[in-house]
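Chemist: after the sequence you'll find the predicted model.
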Amino acid sequence: MFKKLRYFHGLSETICLASPADAHEAIAGWQRLRSMMTRRLPAGFGRDEWAYLISFLEPKNLEAVYAHNLGKPVTKPVLPLKRLLRPRRKVAIWLPNNVSLLGPLLIVLCSLSGIAVRIKGGSKKEDFTGIFLRFAKNNLPHGRLREYLSQKVEYAVFPHADPRGNDFFRDADTGIIFGSDEAVEAVKDFPRPLNFIGFPFPDRNSQAWLELPAVNDGVLIELLKVFAVYGRAGCSSPAKVILLGGTMPQAVKLQRLLRKLWNNVFCRLPPAATASQNVKAFQLAKAAGWQPVLTTNHASVIAVGSISLPPCPGEMTLSIVPATVAETVRHLPEAIQTVGYALAKPQDPRWLELVAKTQIKRFVPIARMHHFGPLWDGYAFWRGLFEEVELSDDYEK
Amino acid sequence: MFSPRGQGAEELLTRPPFGRRNEREFLRLVNVLTAHHLRGCPEYARIWPEAKVAATIEEAPFLHAEVFKQLKLKTQTRGIDHQRTLRSSATGKGDSSMIALDSYSNLLQSRSAGLILAEFIGPDRQPLFILDNLNASLRKDEISARFAAAMSLCPLSSEIVFLLSDPDEPLSVEWNEFLKGSRDHRSLIVYGSTWILWNAWKKEKMPDGLRRKLKNIRIQFVHSGGWKKLEAEKVSRREFDRRLLTGTHPESKVLDFYGLAEQPGMVFPFCRYQFRHLPLWADLVVRDIYSLRPTPPGVTGQLQFINLLAYGAPYHSVLTEDLGKLVPGRCPCGREGKRFVFLGRIPQAALRGCANV
């Protein structure tokens, strides 16, 4: 049963949210956990990931989830009340291997909707989901949030071919499926209710677009930071940097600058395996016709080449290609997700026209490449956790 | 026209493997081999466009071992006759190395393995029992690295018997074949990859007649390959050797050798002082992981192996993902030349993907 009705002002209507989760209780619960998180780091988590979670759980960030998806909270309807949202029955979330915070963040987001959740974690190595869930259940005081995590969140890890996979979506009316194209394809035929709605998030890749007049050290440091978080393992990481309207000598100059900045910005030694893999990537890039350089301590590879070359190998390889806008669009990968930009005039309507003609899902400044709003790959997934009820005009104020 | 014959390794392969050599001459031969690959392998030439004649062995260009997992490199020149591709078993990352073999290099590699192993187990030919399956190891145009490692012992064998009916099932040993093949012999060699040998050689699975007979046969066990699985099972080398030797002739022995799938023919057995020695036709550079600068003896780094046995593709100088160190001074075992210890693989680290929302 819902806890209480909440109202939000959308653009021209009031939206009523009937959620079993009391937003204030949920947010306060996470806030309590947050203060414990500042004192303890569970084994398995890295400092950076834990710090990111602590910051994500700030009340203002969680309040923003409602505001971005539903509008401004109000105490009673003022505009016409035309829509009631109530959580769907259950969401089943299929996580990929080898991701960091996706599971914990989804648990938090789902807790704000009150929907029941079933999660399958990556089977190749423990992702952070199980660790975070255990930490939260063990450390939260008795209350609504702990109750929600204990009673409404199921978490299991099993291999892809496990028979439990077949039943995973059977009683869920909502599904969120992450993974490689093959993994997403493989689960699409699992039994599911007729009213099931699914949000598939298969392989995606992203690019950064730069125009020379917009390039300065600050922009390049942002670019390196955005890249360094996940290398190319992140769907929103720039697999390629396009120097729009640039020439090869300008791209080489940019490469030198990026290498110098990398060496100044990142002083920590990478894992030994990363350093070794980067030597391999450096050699493979050369064999493929790229002009790569290794950064200090072999922490990454920065390569320059033509846009027509095959992708530059290496998880920590940032490749730069000079290209015209038309060439860039012609070579856009089909699975393009985010384009992070540093443009001379980002507000120029021609960019909007260009995005409209492509499959680009996100067009944001470089610094925001990893920071998703309410839209994930074009889906308003959080709002999709709710069933929308149309209300008659009688409810209009 | 390039003709590999007489380019150098052949003369070295007529001598005892561990002794003194002319270092300048060795370096010259490495440079000749590098030039040969630069001419005949376009990818290699693109990777090392700035390569010049190395003034020291540390300057010799190398390829990262995993480059062979992505590229099937071939050096194409007249006089090189490519044959099968050697494929390593897939690693945790799911891929395997592809080494283009050629008939001349095969000859050198076989001679190399024979000479080195003869130093440790004696030159006499004996029956060789291999814990593998011939059919599974030889596919059209390909041979497995596991099979190639077993074949290192070929020059020391009088006959070869394959013992597994299922190559992936160590318990599928056909003991009757062993019994039959060993009938008229007092000494023989048994080879298996480390994990298979440990799991296959179980006395309780042997027929009674064979168990009784074992104490009269001098068995030279030889194994190679990783210890990772056995470490996970908490099996020590001492326990490994003890289990194999129990119930056999008192002169039976166990020999463990290390080698790279990317460098067939090069085997590095443990000497009795637990060191591994470089033969005349090979060298080792240990490099700092983060700078690739050579490290002095005694300092751990990434191992780069160089040899004179690779003509069909540029696998004569390979930077491995293995860690080890050179050991200074002369080995009490009496072997001359460089010696080293192998310390295991570089610990793997996987990059995690996205999820900042």
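Modeler: Cool, the structure landed. What you see is a predicted model; the values in this text were computed from it and never measured.

Chemist: quick check, pLDDT for B:His185.
Modeler: Note for B:His185: predicted pLDDT of 88.

Chemist: and it, what does it touch?
Modeler: Neighbouring residues of B:His185 by Cβ atoms under 8 Å, 6 or more residues apart in numbering or on different chains: B:126-127, B:217. The C-beta positions use only the backbone N, C-alpha and C, and glycine is treated the same way.

Chemist: can you show me the strands along the stretch 51-200 of chain B?
Modeler: B:63-64, B:82-87, B:98-102, B:126-130, B:138-139, B:142-144, B:157-162, B:187-193 (DSSP state E, counting those that start in this stretch).

Chemist: circling back: of the contacts of B:His185, buried ones?
Modeler: Among the contacts of B:His185, those buried by neighbour count (16 or more other Cβ atoms under 10 Å in any protein chain shown) are B:126-127, B:217.

Chemist: TSV for those residues, including distance to chain A and pLDDT?
Modeler: Converted to TSV, the buried ones among the contacts of B:His185 look like this (distance: Cβ to the nearest Cβ, whole Å; pLDDT from 0 to 100):
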residue	distance to chain A	pLDDT
B:Gln126	40	92
B:Pro127	41	93
B:Ile217	44	90
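
Chemist: dump those residues into CSV; add distance to B:Glu11 as well.
Modeler: CSV is the format used below for these (distance: Cβ to Cβ, whole Å):
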residue, distance to B:Glu11
B:Gln126, 28
B:Pro127, 32
B:Ile217, 38
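
Chemist: excluding its backbone neighbours, what's nearest B:Asp283?
Modeler: In space, and not counting its chain neighbours, B:Asp283 is closest to B:Ile306: 4.5 Å by Cβ to Cβ, 6 or more residues apart in numbering or on different chains.

Chemist: rewinding a little: and the strands of the stretch 51-200 of chain B, which is most packed in?
Modeler: Across the strands of the stretch 51-200 of chain B, averaging neighbours per residue (mean count of other Cβ atoms under 10 Å in any protein chain shown) puts strand B:63-64 on top, at a mean of 27.

Chemist: the lowest-mean-pLDDT helix or strand in chain A near chain B at all?
Modeler: In chain A, the helix or strand scored least confidently by mean pLDDT, DSSP states H and E is helix A:181-187, which has a mean of 84. No: counting by Cβ under 8 Å from any Cβ of the partner chain, chain B is not contacted by helix A:181-187; separation bottoms out at 12.6 Å.

Chemist: name the helices or strands packed onto the helix or strand following that helix?
Modeler: Sequence-wise, the next helix or strand downstream of helix A:181-187 (DSSP states H and E) is strand A:197-201. Where contact means 3 or more Cβ pairs under 8 Å, 6 or more residues apart in numbering or on different chains; DSSP states H and E, strand A:197-201 is packed against strand A:174-178.

Chemist: dump the strand it packs on to CSV, keeping only the CA atoms.
Modeler: Extracted in CSV, the C-alpha atoms of strand A:174-178 (Å, rounded to 0.1, in the frame of the first residue of the first chain):
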residue,chain,number,x,y,z
THR,A,174,9.4,-4.2,-15.6
GLY,A,175,12.9,-5.2,-16.7
ILE,A,176,16.2,-3.3,-16.9
ILE,A,177,18.8,-5.3,-18.9
PHE,A,178,22.4,-4.4,-19.1
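
Chemist: show me which residues of that strand are buried.
Modeler: A:174-178.

Chemist: which one of those is nearest chain B?
Modeler: Nearest to chain B among the buried residues of strand A:174-178: A:Phe178, at 8.9 Å, using Cβ to the nearest Cβ.

Chemist: identify the bridge partners of that closest one.
Modeler: Here A:Phe178 shows beta-bridge partners A:Phe201, assigned using DSSP bridges.

Chemist: neighbours around A:Leu243, how many?
Modeler: Applying other Cβ atoms under 10 Å in any protein chain shown, we find 25 residues neighbouring A:Leu243.

Chemist: next up, phi/psi of it, please.
Modeler: phi -90, psi 100 (degrees, to the nearest 10).

Chemist: show residues contacting stretch A:258-268.
Modeler: Stretch A:258-268 has contacts (Cβ under 8 Å, 6+ apart) with A:217, A:220-221, A:223-225, A:228, A:293, A:295-296, A:299-300, A:302, A:318, A:320.

Chemist: on that earlier part again, compare the strands of the stretch 51-200 of chain B and say which comes out lowest on pLDDT.
Modeler: strand B:138-139 (a mean of 70).

Chemist: wait, a strand at the residue nearest to B:Asp283?
Modeler: Yes: counting by DSSP: H, G, I helix; E, B strand; the rest coil, B:Ile306 is part of a strand.

Chemist: counting neighbours, what do you get for it?
Modeler: Count around B:Ile306 with other Cβ under 10 Å applied: 27.

Chemist: so it bridges to which residues?
Modeler: In beta-bridge terms (that is, DSSP bridges), B:Ile306 pairs with B:Asp283, B:Ser317.

Chemist: circling back to that earlier point, would you reformat the strands of the stretch 51-200 of chain B as JSON lines and include distance to B:Arg46?
Modeler: Shown next, in JSON lines, are the strands of the stretch 51-200 of chain B (distance: least, Cβ to Cβ, whole Å):
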{"stretch": "strand B:63-64", "distance to B:Arg46": "12"}
{"stretch": "strand B:82-87", "distance to B:Arg46": "20"}
{"stretch": "strand B:98-102", "distance to B:Arg46": "17"}
{"stretch": "strand B:126-130", "distance to B:Arg46": "40"}
{"stretch": "strand B:138-139", "distance to B:Arg46": "30"}
{"stretch": "strand B:142-144", "distance to B:Arg46": "26"}
{"stretch": "strand B:157-162", "distance to B:Arg46": "41"}
{"stretch": "strand B:187-193", "distance to B:Arg46": "35"}
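
Chemist: helices along the chain, start to end?
Modeler: Reading this off chain A. A:23-37, A:47-56, A:59-70, A:102-113, A:128-139, A:144-151, A:181-187, A:217-230, A:248-265, A:272-287, A:325-330, A:349-356 (DSSP state H).

Chemist: wait, I meant chain B there
Modeler: With helices called from DSSP H, chain B shows them at B:9-12, B:23-40, B:42-47, B:67-70, B:103-121, B:134-137, B:145-151, B:175-182, B:194-200, B:208-214, B:228-232, B:237-245.

Chemist: so which of these is nearest A:Val78?
Modeler: Comparison of the helices of chain B against A:Val78 by Cβ to Cβ identifies helix B:67-70 as nearest, at 62.7 Å.

Chemist: show me what that closest one is packed up against.
Modeler: helix A:272-287, strand B:98-102.

Chemist: could you dump those into TSV and include distance to B:Pro279?
Modeler: Supplementary listing: the helices and strands packed on helix B:67-70 in TSV, determined by distance: least, Cβ to Cβ, whole Å:
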stretch	distance to B:Pro279
helix A:272-287	26
strand B:98-102	19
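
Chemist: any idea which of these scores lowest on pLDDT?
Modeler: Among the helices and strands packed on helix B:67-70, strand B:98-102 has the lowest mean pLDDT, at a mean of 92.

Chemist: and the angle from it to helix B:103-121?
Modeler: When axes from the mean of the first three to the mean of the last three Cα atoms, to 10 degrees is applied, the directions of strand B:98-102 and helix B:103-121 differ by 100 degrees.
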